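**Q** okay, sequence plus prediction incoming.
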Amino acid sequence: MTAADSLLVHASGLVKRFGDVEAVRGIDVGVRRGEAFGFLGPNGAGKSSTMRMIACVSPRSAGELRVLGMDPQRDGPRIRARLGVVPQQDTLDNELTVRQNLQVYGRYFGLSRDTVRRKAVELMEFAQLSDRAEDQVEPLSGGMKRRLTIARSLVNDPELLLLDEPTIGLDPQARHLLWDRLYQLRHAGVTLILTTHYMDEAEQLCDRLVVMDGGRIVAEGSPAELIARYSTREVLELRFAPGHQRDALPVVATLADRVEVLPDRLLLYTADGEASLAAVHERDVRPASTLIRRSTLEDVFLRLTGRSLVD
Amino acid sequence: MAHELTAPPRPGRGDQTEQRPSPLLRIVPPGLYAGRARMLVERSFLVNRRSWLAVVSGFFEPLFFLFALGLGFGTLVSTVTGPDGQPMDYVAFVAPALLAASAMNGAVYDATINIFHKMRYAKLYDAVLSTPLGPLDVAVGETSWALLRGGLYAAGFVVVLLGMGLVSSAWGLLALPAALLVAFAFAAVGMAATTFMRSWQDFDLVNLAVMPLFLFSTTFYPLSVYPRPLRIAVECLPLYHGVALLRGLVTGYVHWGLLGHVLYLVLMAVVGLLVATKRIARLLLR
């Protein structure tokens, strides 16, 4: 029994190519039982490609991958029998009702008719969809469809749940309801792997995460570790009329460990925001407004992927 | 790791079939087939339960043709050379061919337009393939539905033929399984063709293929009307074999040559299924 065997997902040097394009360029990942693990990164970073390889619906181009101790290439159906998958775009069955969606999906896993009937009732309760049981799927709201997709992914009592951008396109209430359901699952011992480009989501949900950029892993750790390693304790935001932030840049550049330039503001990374703000005022810089806040994963993300400057 | 693989099945798992691989499972590469194609048939049944009227409507198509061509046109023609070389009643000549053609039409319709929609727009198979089911389960399950549907029409049509006294032999009862075979072969090839389609415009090509099959596969007149080179071409057409098989059974002209037609259709079904499976894997398991 080596360390690698206790991992639910273990990848080393994992590569995915589409023709000449290398979407995933040799990543090493280990996900432990019971944890919530996140893939964070901008669009096109290779998160979804990685998730599809783990879900055994996309063969790897090179490298090693073990899921639940098995090889996806050889044991795909056996692995998939123990996975739950929430794809980025809902793939609900629009020709069936809410209840039938859950029942039919359960049948694909070989569950008996009695079992899927019972499961559907449980899961509709879990997803707060019991009163829509006999409705068609099409007219449901985005949040309801997402909840149904998650409920559907649980029909086989998966040990490992894969969620690709679980809350994309949802309003804040719907997101919080979904997060609440995901907490419950994590509490029940289900291992979660999720991709997201929402920093608050990653901070809320993940025990551990990797930041991907351009098909590679550029950082790894818990949200707190990453913030400590790649950012400062506090951030001082100076807002200006668009364009004027560049005039102030040379004056304040020496007041912080690092300065990030956004279209309408400067972000000063500093251990003590109050002290930096006082220094800014001393140098006669007059921003339209100021804000002192704690560093978040978003700051880590900006630093690691340089996205504030690129797009 | 050992505990992962030998863990006892968890309670509530129901009738898992993974433990007993079917013969098919042993000859296809791992991961393509979970032996659970029937779950997709179950799904189709659920979906069509509400729209059974639309399903049943397909039964009338061959009936209309039978009345128009057989009873209407047939009064002008009256007799034609049958498969055994003897003159026979025109209605009895056309009826089994219409059975074959309707099996083809029903299967092709289901396996092309319906499957294209489910594959490209409804993303049904993306969801299915994230479960233990593989592309061969999809191909077998969906063609099975097309064939059941075609079988339903065929059964109704056979009853009509019996009622009209157009079945002149006990062999005619084999017309039903034979019509199912025709439906199966066309459903499998239709599904394989669908995986190559890029847009709805491409379906015009399906019509372009099906229409001449329907008209020229000795459906309405015997092979002997064609000059020799054309005869050979017609004998290569898949519907010709369906028509010849059904006409042989329904008219009671049963001979070993019918097995050749059966073989042709079986091969067609197998090749269609294999191509469809490969293509689904290539399109969806990238």
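**A** Okay, I see it. Numbers count the residues shown, from 1 in each chain, chains lettered A, B, ... in the order given.
**Q** can we go C-alpha only for contacts and neighbour counts from here?
**A** Will do.
**Q** what about the residue nearest to A:G41 when sequence neighbours are not counted, distance to B:F184?
**A** Nearest residue to A:G41, sequence neighbours excluded (Cα to Cα, 6 or more residues apart in numbering or on different chains): A:M212, at 4.9 Å. Using Cα to Cα, to the nearest Å, A:M212 is found at 48 Å from B:F184.
**Q** what about those two, which has more around it?
**A** Taking neighbours as other Cα atoms under 10 Å in any protein chain shown, A:M212 and B:F184 compare with B:F184 leading, 33 against 25.
**Q** doesn't that one belong to a strand?
**A** No. Applying DSSP: H, G, I helix; E, B strand; the rest coil, one finds B:F184 to be helix, outside a strand.
**Q** I'd say it and B:N105 touch.
**A** No. Look at B:F184 against B:N105 with Cα atoms under 8 Å: they stay out of range, at 11.4 Å.
**Q** can you pull the contacts of the residue nearest to A:G41?
**A** By Cα atoms under 8 Å, 6 or more residues apart in numbering or on different chains, the contact set of A:M212 is A:39-42, A:45-47, A:218-219.
**Q** give me every residue that touches residue 243.
**A** Here I'm looking at chain A. A:G243 makes contact with A:263-264, according to Cα under 8 Å, 6+ apart.
**Q** wrong one, I was asking about chain B
**A** Going by Cα under 8 Å, 6+ apart, B:V243 touches B:96-98, B:100-101, B:217-219.
**Q** at 10 Å what do you get?
**A** B:V243 makes contact with B:94-101, B:178-179, B:182, B:214, B:217-219, B:249, B:261, according to Cα atoms under 10 Å, 6 or more residues apart in numbering or on different chains.
**Q** may I ask which helix or strand encompasses it?
**A** Using DSSP states H and E, B:V243 maps to helix B:238-251.
**Q** same check on B:L258?
**A** Assigned by DSSP H and E, B:L258 belongs to helix B:257-284.
**Q** mind listing what's buried in that helix?
**A** Using 16 or more other Cα atoms under 10 Å in any protein chain shown as the test for burial, helix B:257-284 gives B:258, B:261-262, B:265-266, B:268-269, B:271-281, B:284.
**Q** and for stretch A:207-220?
**A** Neighbour-count burial for stretch A:207-220, counted by 16+ other Cα under 10 Å, picks out A:207-217, A:219-220.
**Q** put the alpha carbons of that stretch into CSV.
**A** Extracted C-alpha coordinates of stretch A:207-220, given in CSV (Å, rounded to 0.1, in the frame of the first residue of the first chain):
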residue,chain,number,x,y,z
ASP,A,207,-10.1,22.2,0.9
ARG,A,208,-7.3,22.2,-1.6
LEU,A,209,-6.9,23.5,-5.1
VAL,A,210,-4.6,23.8,-8.1
VAL,A,211,-4.4,26.9,-10.3
MET,A,212,-4.1,26.0,-14.0
ASP,A,213,-3.0,28.2,-16.8
GLY,A,214,-2.2,27.3,-20.4
GLY,A,215,-2.5,23.6,-19.7
ARG,A,216,-0.1,23.5,-16.7
ILE,A,217,-0.5,23.7,-12.9
VAL,A,218,1.0,26.9,-11.7
ALA,A,219,0.2,26.7,-8.0
GLU,A,220,-1.2,24.2,-5.5
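**Q** just the buried ones from the contacts of A:M212?
**A** For the contacts of A:M212, a burial check counting by 16+ other Cα under 10 Å picks out A:39-42, A:45-47, A:219.
**Q** quick revisit: also near chain A: which of the buried residues of helix B:257-284, exactly?
**A** Of the residues in the buried residues of helix B:257-284, proximity to chain A by Cα under 10 Å from any Cα of the partner chain holds for B:281, B:284.
**Q** pretty sure A:L226 contacts A:R303?
**A** No. Under the criterion of Cα atoms under 10 Å, A:L226 is not in contact with A:R303, lying 11.0 Å apart.
**Q** any stretches of the stretch 1-150 of chain A with poor pLDDT?
**A** Applying pLDDT under 70 to the stretch 1-150 of chain A picks out residues A:1-5.
**Q** strands along that one, start to end?
**A** Using DSSP state E, counting those that start in this stretch, the strands found in the stretch 1-150 of chain A span residues A:7-18, A:21-32, A:36-40, A:62-67, A:83-86.
**Q** how much does the helix or strand containing B:G156 deviate in direction from helix B:238-251?
**A** B:G156 is part of helix B:135-163, with elements assigned from DSSP H and E. Calculated by axes from the mean of the first three to the mean of the last three Cα atoms, to 10 degrees, helix B:135-163 forms an angle of 40 degrees with helix B:238-251.
**Q** quick one: helix B:135-163 to helix B:257-284, angle?
**A** With the same axes, to 10 degrees defining the directions, helix B:135-163 sits at 140 degrees from helix B:257-284.
**Q** got the buried residues for helix B:135-163?
**A** B:135-158, B:161.
**Q** worst-scoring helix or strand of chain B, pLDDT-wise?
**A** Least confident helix or strand of chain B, by mean pLDDT, DSSP states H and E, is helix B:2-6 with a mean of 37.
**Q** can you pull the residues of the stretch 51-200 of chain B lying near chain A?
**A** B:118, B:121-134.
**Q** quick one, domains of chain A?
**A** Domain assignment for chain A, taken from automatic domain parsing, gives A:3-222, A:232-294.
**Q** the helix holding B:L258: how far from the chain's middle?
**A** With Cα atoms, centre = their mean, to the nearest Å as the basis, helix B:257-284 stands 11 Å off its chain's centre.
**Q** same thing with stretch B:129-146?
**A** Between the centre of stretch B:129-146 and the centre of its chain there are 16 Å (Cα atoms, centre = their mean).
**Q** how about stretch A:140-153?
**A** Relative to the centre of its chain, stretch A:140-153 is centred 17 Å away, using Cα atoms, centre = their mean.
**Q** could you find the closest non-adjacent residue to A:R82?
**A** In this structure, A:R82 finds its nearest non-sequential neighbour in A:P158, 4.9 Å apart by Cα to Cα, 6+ apart.
**Q** for that neighbour, grab the count of nearby residues.
**A** As a burial measure, A:P158 scores 17 neighbours (other Cα under 10 Å).
**Q** so which residue is dead centre in chain B?
**A** Central residue of chain B (Cα atoms, centre = their mean): B:A183, 1.7 Å from the mean position.
**Q** contacts only, for that residue.
**A** B:A183 makes contact with B:100-108, B:143-144, B:146-151, B:154, B:177, B:242, B:265, B:269, according to Cα under 10 Å, 6+ apart.
**Q** and the strands in the stretch 201-311 of chain A, which stretches?
**A** Using DSSP E, counting those that start in this stretch, the strands of the stretch 201-311 of chain A run over residues A:208-213, A:216-221, A:234-239, A:258-262, A:265-270, A:289-294.
**Q** need those strands in JSON lines with distance to B:F64, can you?
**A** Converted to JSON lines, those look like this (distance: least, Cα to Cα, whole Å):
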{"stretch": "strand A:208-213", "distance to B:F64": "63"}
{"stretch": "strand A:216-221", "distance to B:F64": "64"}
{"stretch": "strand A:234-239", "distance to B:F64": "77"}
{"stretch": "strand A:258-262", "distance to B:F64": "72"}
{"stretch": "strand A:265-270", "distance to B:F64": "75"}
{"stretch": "strand A:289-294", "distance to B:F64": "77"}
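**Q** which one is whichever residue of the stretch 201-311 of chain A sits closest to chain B nearest to, not counting chain neighbours?
**A** Taking Cα to the nearest Cα, chain B has its nearest neighbour within the stretch 201-311 of chain A at A:G215, 16.8 Å off. Counting by Cα to Cα, 6+ apart, A:G215 lies nearest to A:V24, which is 4.1 Å off, once chain neighbours are set aside.
**Q** that neighbour: how many residues sit nearby?
**A** When neighbours are counted by other Cα under 10 Å, A:V24 registers 28.
**Q** cool, the one 5 residues further on as well?
**A** Applying the criterion other Cα under 10 Å, we find 17 residues in the vicinity of A:V29.
**Q** that's all I had, so thanks and see you.
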